[in-house]
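J.: pasted the sequence and its predicted model underneath.
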Amino acid sequence: MIKKKDLEKALATMETLEGNYLTFASSTQDKQAQSMYQTMAKDATRHVDKLNQKLQQMVYSEQVAKAEPKPPRLRNALAAFFIGGFVCLVGEGFTDLWEVVMRVSHKKAGDPTVVTLIFLAAVATGLGWFDKLQRVAGAGLSVPVTGFANAMTACAMEFKREGLVYGVGSKMFQLTGAVIVFGVVTAMLVGVVASLRLALLR
Amino acid sequence: MTVQQDMQKALAAAESAQGSYLTFAGATQDQSAKQMFKSMADDMQRHAGQLKERLNYLTESNPLNQQQQ
C-alpha cells in the first residue's frame, strides 16, 4: 500500500521542483537550456497532476471505506449459533421419534432423520420460506444438512425452464455435486480400508 | 545563494522524487499505477541526468563559478 503521507510529500517535492525549473528557465540566457528547463517544468506539472489524481483516489476510497456499513458480525454469529443449534435440536427430536416409530437403534435412526431434514428444507425452499429464514439465520441454516438440500432444490428450480432432463436433471447437482462425488469417493476408500482390515484380521 | 546551489538542490529533489516513485511502484498491486510510477521515475532519472550535465557544463565554462569554488 502506498501511504498517503508519502504521496503528499512527493507532491510537495514535485511542486517545488516545478517552481525551480521555471526559475532556472527565466534566469538563463542560453536558449537551449531555457527550452530544456521548460520541458522539465512541463514534466513536473504533469507529475503534479498525476499525483493529485492518485491522492484524490486515495481520499475517495478512504471515504468509501468509512461510509460502508459494517456487517453485524456479533448478531450474525449469535443468530447462526442459536438457529443452527435449534436445527440440531429438531434433528435430535426426529432421531428420538424415528427410534420409537421404526424400532431401530438410536444410531440407525440418524439416517431417516437426515432424510427428514433434507425433505423439510427442500419443501421450504420450494415454497420460498427458506430464503427468508436464511436471511436471518445465515450459517445457522446453511451449515447443517439443510444447506445441502437448499442448494440442490434451488438449482433444480432455477433450471426448471431449461427442461426436465437437460435443465432440472443435469443442473440439479451443480453446487452439491461435489459433496456427492467426494462423499462417494471417500466412502469407497474407507470401505476398501475397512474390508482390507477385516480380511487381514481374519 | 548561487544558481549552482539551487541546481544542486533541484538535483537532490529530482533524485528523491525518483526514489519515492520507485517505492510507490513497488508498493502498489495495480498494474497501471505501477507502470505510471515507473515511467515517472524514468522522467526523474532523465531530469537528474540533465541537471547534472548542466551543472558540469556551468562549473566548467563559467569562470565565476570556478573562482567561487
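T.: Good, I have the coordinates. None of these values were measured; they are calculated from a predicted model.

J.: so where's chain B shaky on pLDDT?
T.: Scanning chain B for pLDDT under 70 picks out B:1-2, B:62-69.

J.: go through it and flag its longest helix.
T.: Counting residues, the longest helix in chain B under DSSP state H turns out to be helix B:31-61.

J.: can you give me the helices in chain A?
T.: Using DSSP H, helices in chain A cover A:4-27, A:31-67, A:73-102, A:110-127, A:129-137, A:139-142, A:145-158, A:170-171, A:177-201.

J.: TSV for these, including mean pLDDT, mean neighbour count and distance to residue B:23?
T.: Every C-beta, even on glycine, is put in place using the N, C-alpha and C of the backbone. Shown next, in TSV, are those (pLDDT from 0 to 100; neighbours: other Cβ atoms under 10 Å in any protein chain shown; distance: least, Cβ to Cβ, whole Å):
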stretch	mean pLDDT	mean neighbour count	distance to residue B:23
helix A:4-27	91	17	7
helix A:31-67	92	15	13
helix A:73-102	93	14	35
helix A:110-127	93	17	53
helix A:129-137	89	16	46
helix A:139-142	86	20	42
helix A:145-158	90	20	47
helix A:170-171	89	14	50
helix A:177-201	94	10	44
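
J.: which of the ones you listed sits closest to residue B:11?
T.: Nearest to residue B:11 among those is helix A:4-27 (9.8 Å), distances taken as Cβ to Cβ.

J.: can you tell me if that closest one touches chain B.
T.: Yes. Using Cβ under 8 Å from any Cβ of the partner chain, helix A:4-27 comes into contact with chain B via A:6-7, A:9-10, A:13-14, A:16-17, A:20-21, A:23-24, A:27.

J.: just these now: which is nearest residue B:31?
T.: Closest to residue B:31, out of all of these and judged by Cβ to Cβ, is residue A:7, at 18.3 Å.

J.: gap between that closest one and residue A:89?
T.: Distance, residue A:7 to residue A:89, using Cβ to Cβ, to the nearest Å: 56 Å.

J.: and if you look at residue A:189?
T.: 33 Å.

J.: with residue A:65 instead?
T.: When distance is defined by Cβ to Cβ, residue A:65 is 40 Å away from residue A:89.

J.: which parts of chain B sit against chain A?
T.: Going by Cβ under 8 Å from any Cβ, the residues of chain B near chain A are B:3, B:6-7, B:9-10, B:13-14, B:16-17, B:20-21, B:23-24, B:27-28, B:33, B:36, B:40, B:43, B:47, B:50, B:54.

J.: can you flag the buried ones in these?
T.: With burial judged by 16 or more other Cβ atoms under 10 Å in any protein chain shown, the buried subset of those is B:3, B:7, B:10, B:13-14, B:16-17, B:20-21, B:23-24, B:28, B:33, B:36, B:40, B:43, B:47, B:50, B:54.

J.: closest to residue B:58 out of the helices of chain A?
T.: Nearest to residue B:58, of these and by Cβ to Cβ, is helix A:31-67 at 9.2 Å.

J.: what about that closest one, distance to the chain center?
T.: Computed by Cα atoms, centre = their mean, to the nearest Å, the chain-centroid distance of helix A:31-67 equals 37 Å.
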